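J.: sequence and predicted structure below; questions after.
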2 protein chains.
Amino acid sequence: MNHTSVRLLDACERLLCEVDCVDDLTVRRLATEAGVAPSSVSYHFGSQERLIVATAERVYRRLNQERMNLLNRAVQKRHPEPPDLEDVIVALVGPSVRWSLEPTSRYRVLAHFNAMSQRSRDPEIYRAIIEGVEHHKAFMVYLRQLAPWLDDAAIGWRMSCALGIRSQVTRSRVRNEVLTGHAIDFSDPEVVIARIVEVVAPMFRRLC
Amino acid sequence: MNHTSVRLLDACERLLCEVDCVDDLTVRRLATEAGVAPSSVSYHFGSQERLIVATAERVYRRLNQERMNLLNRAVQKRHPEPPDLEDVIVALVGPSVRWSLEPTSRYRVLAHFNAMSQRSRDPEIYRAIIEGVEHHKAFMVYLRQLAPWLDDAAIGWRMSCALGIRSQVTRSRVRNEVLTGHAIDFSDPEVVIARIVEVVAPMFRRLC
DNA sequence: GCCGGAATTCGAACGGCGTCCGAAACCTGT
DNA sequence: ACAGGTTTCGGACGCCGTTCGAATTCCGGC
C-alpha cells in the first residue's frame, strides 16, 4: 500500500473524529492534513466518498476484532459447556456501546459512515460493509446452542433486534434520556450494556 | 402562510419522495418544480435545510396522527379496562412500518430527514422534532397500566427499545434479510409488525 | 549507470452547489 | 395616485469534488 494512500487514510480517520458534520471534511482540508495534493484523493481512492468508506472499513475491522475476542473469551470460560447468554450479548453489543461513549475512540468514524451510507448517490459503495454479516454467524452458532427451540430465522431476527436497540443508544442518546425521564445514566457504558442485556436476554429464554 | 411557501413545501415533499439521495435535491431543481426563483428558498425558510425540516415536520404530524388514532381505537375497544398490550405496540410501531413499505406513502421524506439529522452542521434545527416526545407520553400512560410493576424509567427504556427495533426494520431491510437467511418476508408490513410484537410484548410481561 | 516507460504528484480549471444582494415588481392603506 | 413595505427575481460569490495535462519520481533491463 502506497505511502500517500496511508497518509490519506490516517488523516481521514483523524479528521472524521474531529468534525461534527461530514460535510466539514473537505478534500482540500484532507489534503492539507495529509500533506498531499487534493487530487491525490481521487487518484488513489476514486473519490472522497470511497476514501471515507476505506477508512471506516479499517475501523470496523478493529471493532469486530474486539467483538470476536470477547466472544472467544466467553466461550472458553464455559467450554465445553455453552457460554453464558449474557456474555454473548455483551460481546455482540458491548464494543459498540463502549466505543460510542469513549471520547478518544474512533467510533465517530463509524457514526459518520453510517450517516453517509443512508444518503448516498451510490449505495453500492457501502454494500460490502453494510451487508457484511460474516462475523455475526459466529454469534449465531452459540445463540442456537443456547436456545435450540428457536429456528435460524428467529435467532437472526433477535440478533437484528439486539443490534437495533444498540443503534438506538449509540444514535439517539438525548432522545432516550428524555423518554426515560433522565432516570438512566446513558453516559455510563456498563449501565447501558446492562440495560440492553435486561431486555435482550429474555428474547432467547423459553416462554413460560 | 404564503403562496410561494406552500408551493415550495409541496414541491419539496414531492421531490424528497423521488430522489434516492438528498444531495440530488438541489435548490435550483426545487425552484423549478415549484415554479419560483431559487432564492425564494432562502427568503422564506432561511436555508434549504430548514425547508426540508419544515417539510418533514408536516409529514411527521400526519404519521403521529395515525399513531394516536390507532391508540385511541385500542383504548376504546377495551374501555374502561386497559387496552390490549399488542394493540398498543402496533399503534406505536405499526404506522412507521406500514408507511416505510408503502411505495406511495410519504415515508421517504422522513427517511431523508433522519439521515440528514445525523450529519448536519447545525443540529439545533432538528432538535425540536428529534426530541419531541410529547405524543409518546400518551403511550406511556397505558403501558404503565399494563405493567404496573415497572417504573417510569423501565417503561421509557422499553419504548426506546421498541422504536430502535422499528428503526432497524425501516432502515436496514437488506441486512435483516441476510441475517435471517431470507426466511422472513420483510416486505410484508403485517409480518414485520407481528415479529416486532413477538419480541416487544414480553418486555412488558411479568418475569416468571 | 543510465534510459525509457509506467506510476505518481501537482496545481489549475471546470461545472455545480447554496446563499447573498440589489433592483424590479407587487401589494395595500391612505 | 402614491408611498412604504413585502415579495420576487436573476446574477454574482465563494466553496465544493473532480478532471486533466504537465512535471516529477520510480524502477526494471540493458
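T.: Received the coordinates, thanks.
J.: helix or strand: which one has A:Arg206?
T.: Under the criterion DSSP states H and E, no helix or strand holds A:Arg206.
J.: equivalent analysis for A:Ile155, please.
T.: Using DSSP H and E, A:Ile155 sits in helix A:152-171.
J.: same question for A:Gln145.
T.: Going by DSSP H and E, A:Gln145 is in helix A:134-146.
J.: does anything pack onto that helix? Which helices or strands?
T.: helix A:48-78, helix A:85-101, helix A:152-171 (3 or more C-beta pairs under 8 Å, 6 or more residues apart in numbering or on different chains; DSSP states H and E). The way it works is simple: take the backbone N, C-alpha and C, and place the C-beta from them, glycine included.
J.: hang on, the earlier thing: any part of the helix holding A:Ile155 near chain B?
T.: Yes. Judged by C-beta under 8 Å from any C-beta of the partner chain, helix A:152-171 comes into contact with chain B at A:152-153, A:156-161, A:163-169, A:171.
J.: buried subset of those?
T.: A:156-161, A:163-169, A:171 (16 or more other C-beta atoms under 10 Å in any protein chain shown).
J.: contact partners for A:Arg144?
T.: Each residue near A:Arg144 by C-beta atoms under 8 Å, 6 or more residues apart in numbering or on different chains is listed here: A:150, A:152, A:155.
J.: could you redo the last one with a cut-off of 7 Å?
T.: Each residue near A:Arg144 by C-beta atoms under 7 Å, 6 or more residues apart in numbering or on different chains is listed here: A:Ile155.
J.: quick revisit: nearest to B:Ala37 among the residues of helix A:152-171 next to chain B?
T.: Taking C-beta to C-beta as the measure, B:Ala37 lies nearest A:Arg171 of the residues of helix A:152-171 next to chain B, at 37.1 Å.
J.: find me the pLDDT at the closest one, would you?
T.: pLDDT for A:Arg171: 94.
J.: now do the one 5 residues further on
T.: Reading off the per-residue confidence, A:Asn176 sits at a pLDDT of 94.
J.: make sure it is actually in contact with A:Thr170.
T.: No. Counting by C-beta atoms under 7 Å, A:Asn176 does not reach A:Thr170; the two are 10.2 Å apart.
J.: more neighbours: these two, which one.
T.: Under the neighbour definition other C-beta atoms under 10 Å in any protein chain shown, A:Asn176 and A:Thr170 were set side by side, and A:Asn176 has more, 24 against 20.
J.: host element of that one?
T.: Applying DSSP H and E as the criterion places A:Asn176 in helix A:173-179.
J.: which helices and strands sit right next to that helix?
T.: Packing partners of helix A:173-179 (3 or more C-beta pairs under 7 Å, 6 or more residues apart in numbering or on different chains; DSSP states H and E): helix B:152-171.
J.: let me see the backbone angles for A:Arg119.
T.: Note on A:Arg119: its backbone torsions stand at phi -140, psi 60 [degrees, to the nearest 10].
J.: burial of it, as a residue count?
T.: Neighbour tally, A:Arg119, other C-beta under 10 Å: 21.
J.: tell me the least confident of the buried ones among the residues of helix A:152-171 next to chain B?
T.: On pLDDT alone, A:Arg171 ranks lowest of these, at 94.
J.: which residues are in contact with that one?
T.: A:Arg171 makes contacts with B:Gln118, as judged by C-beta under 7 Å, 6+ apart.
J.: where's it relative to DNA strand D, distance?
T.: A:Arg171 is 24 Å from DNA strand D, where distance means C-beta to the nearest atom of the strand, to the nearest Å.
J.: can you tell me the closest non-neighbouring residue to A:Pro82?
T.: Nearest non-adjacent residue to A:Pro82, counting by C-beta to C-beta, 6 or more residues apart in numbering or on different chains: A:Gln145, 4.3 Å away.
J.: any idea how far the helix holding A:Ile155 is from the chain center?
T.: In terms of C-alpha atoms, centre = their mean, to the nearest Å, the centre of helix A:152-171 is set 12 Å apart from its chain centre.
J.: touching DNA strand C at all, the helix or strand containing A:Leu8?
T.: Assigned by DSSP H and E, A:Leu8 falls within helix A:3-18. Yes. Helix A:3-18 comes into contact with DNA strand C (C-beta under 7 Å from any atom of the strand), by way of A:3-4.
J.: outside of stretch A:149-160 itself, list whatever touches it.
T.: Residues from elsewhere that reach stretch A:149-160, judged by C-beta under 7 Å, 6+ apart: A:136, A:139-140, A:143-144, A:147, A:203-204, A:206, B:168, B:176, B:179-181, B:183-184, B:195, B:199.
J.: pull the helix or strand with minimum mean pLDDT from chain A.
T.: Using mean pLDDT, DSSP states H and E, the weakest-scoring helix or strand in chain A turns out to be helix A:124-130, at a mean of 86.
J.: what about the helix or strand hosting A:Ser40, near DNA strand C?
T.: Counting by DSSP H and E, the element that carries A:Ser40 is helix A:39-45. Yes. Residues of helix A:39-45 are located near DNA strand C by C-beta under 7 Å from any atom of the strand, namely A:39-40, A:43-44.
J.: got JSON lines for those residues, with pLDDT and neighbour count too?
T.: JSON lines is the format used below for the residues of helix A:39-45 next to DNA strand C (pLDDT from 0 to 100; neighbours: other C-beta atoms under 10 Å in any protein chain shown):
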{"residue": "A:Ser39", "pLDDT": "96", "neighbour count": "10"}
{"residue": "A:Ser40", "pLDDT": "96", "neighbour count": "20"}
{"residue": "A:Tyr43", "pLDDT": "97", "neighbour count": "13"}
{"residue": "A:His44", "pLDDT": "97", "neighbour count": "19"}
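J.: show me which of those is closest to DNA strand D.
T.: Comparing those against DNA strand D with C-beta to the nearest atom of the strand picks out A:Ser39 as the nearest, at 3.3 Å.
J.: from A:Leu30, how far out is that closest one?
T.: Using C-beta to C-beta, to the nearest Å, A:Ser39 is found at 11 Å from A:Leu30.
J.: what of A:Lys77?
T.: For A:Lys77, the distance to A:Leu30 (C-beta to C-beta) stands at 44 Å.
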